[in-house]
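# coordinates for the following, if possible.
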Amino acid sequence: MLVTRDYCVTMARYNAWQNKQLRDAFEALSDAELRKERKAFFGSIFKTANHILWADRMWMYRLGIGDAPEGDHLSLTPTPAVWAGERYKTDARLIAWAEKLDTVDLKGDVVWRSVMADRDFTHPFDLCVSALFNHQTHHRGQIHAMLTAAGATAPVTDLLFMPEEGPWL
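Below is the predicted model:
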């Protein structure tokens with residue numbers, strides 16, 4: 001797998017840009033609309049957003065970028081305002097990590113125990129980095145669909161439309 005520093009920087013910036021748009025979209029919806037059951041995999045827009053943040057932090061922990069998340073993946077943050085602040089800090093940490101990477105940092109294996117799967121895993125570091133960014137994109141697509149169904153303006157998600165210059169956060 002070819003994962004480079006440039007790939008990581010681009011994807012970390014893309015992630016932050018996407019989450020900035022989600023923060024803006026969430027501000028336009030009521031708390032009730034964000035928490036409304038929508039028959040999605042994690043139920044609501046807000047639960048899905050919490051899941052992404054929780055999983056980002058879990059992957060970052062496994063990759064040596066931060067602490068493991070505490071609490072349940074669907075209720076990591078209690079309010080959209082708290083989520084927005086935590087999302088911003090997490091995205092900034094991920095960008096800072098990516099910008100400091102050297103090629104050698106992307107080599108080796110990541111070993112962890114999954115409580116949910118009740119087993120140990122070992123995978124190449126670069127594959128785990130790809131899993132982090134892929135997971136974000138997958139579930140943000142679900143949020144996009146829920147925002148559209150709620151009548152809200154959903155973010156522009158095409159990577160090719162990402163601004164060449166920041167701010168991404």
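# how about stretch 157-169 as CSV, C-alpha atoms only?
C-alpha atoms of stretch 157-169 as CSV (Å, rounded to 0.1, in the frame of the first residue of the first chain):
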residue,chain,number,x,y,z
THR,A,157,-17.9,16.4,-0.3
ASP,A,158,-15.8,16.1,-3.5
LEU,A,159,-12.1,16.0,-2.6
LEU,A,160,-11.4,17.8,-5.9
PHE,A,161,-13.4,20.9,-4.6
MET,A,162,-11.4,21.2,-1.4
PRO,A,163,-9.8,24.6,-1.2
GLU,A,164,-6.1,24.6,-2.1
GLU,A,165,-5.4,26.9,0.8
GLY,A,166,-6.9,26.8,4.2
PRO,A,167,-8.4,27.4,6.5
TRP,A,168,-9.5,23.8,6.7
LEU,A,169,-10.5,24.0,10.3
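# can you give me the helices for this structure?
Secondary structure of the chain, counting by DSSP state H: helices at 5-27, 31-35, 45-62, 80-99, 125-149.
# identify the residues contacting the longest one?
Among residues not part of helix 125-149, those counted as contacts by C-beta atoms under 8 Å, 6 or more residues apart in numbering are 1-3, 8, 11-12, 14-15, 18, 22, 25, 29, 38, 40-42, 44-45, 48-49, 51-52, 55-56, 59-60, 62-63, 105-110, 123, 153-155, 157. Using the backbone N, CA and C atoms, a C-beta is placed for each residue, glycine as well.
# redo that, cut-off 6 Å
Identification of contacts with helix 125-149 by C-beta atoms under 6 Å, 6 or more residues apart in numbering yields 1, 3, 11, 15, 18, 25, 38, 40, 45, 48, 52, 55, 59, 106, 108, 110, 154.
# what's the pLDDT at the second one?
Spelled out, it's V3. The model reports V3 with a pLDDT of 95.
# and if you look at the one 10 residues further on?
According to the per-residue confidence, R13 scores 97 in pLDDT.
# check the one 3 residues further on too.
On the pLDDT scale, A16 is placed at 97.
# how about R38?
96.
# skipping its backbone neighbours, what lies nearest it in space?
M146 (5.0 Å; C-beta to C-beta, 6 or more residues apart in numbering).
# including distance to D72 and mean neighbour count, could the helices of the chain go into TSV?
Shown next, in TSV, are the helices of the chain (distance: least, C-beta to C-beta, whole Å; neighbours: other C-beta atoms under 10 Å):
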stretch	distance to D72	mean neighbour count
helix 5-27	20	19
helix 31-35	15	15
helix 45-62	8	22
helix 80-99	14	18
helix 125-149	16	18
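# roughly how far apart are G141 and T10?
Plainly put, G141 is 18 Å away from T10 if you go by C-beta to C-beta, to the nearest Å.
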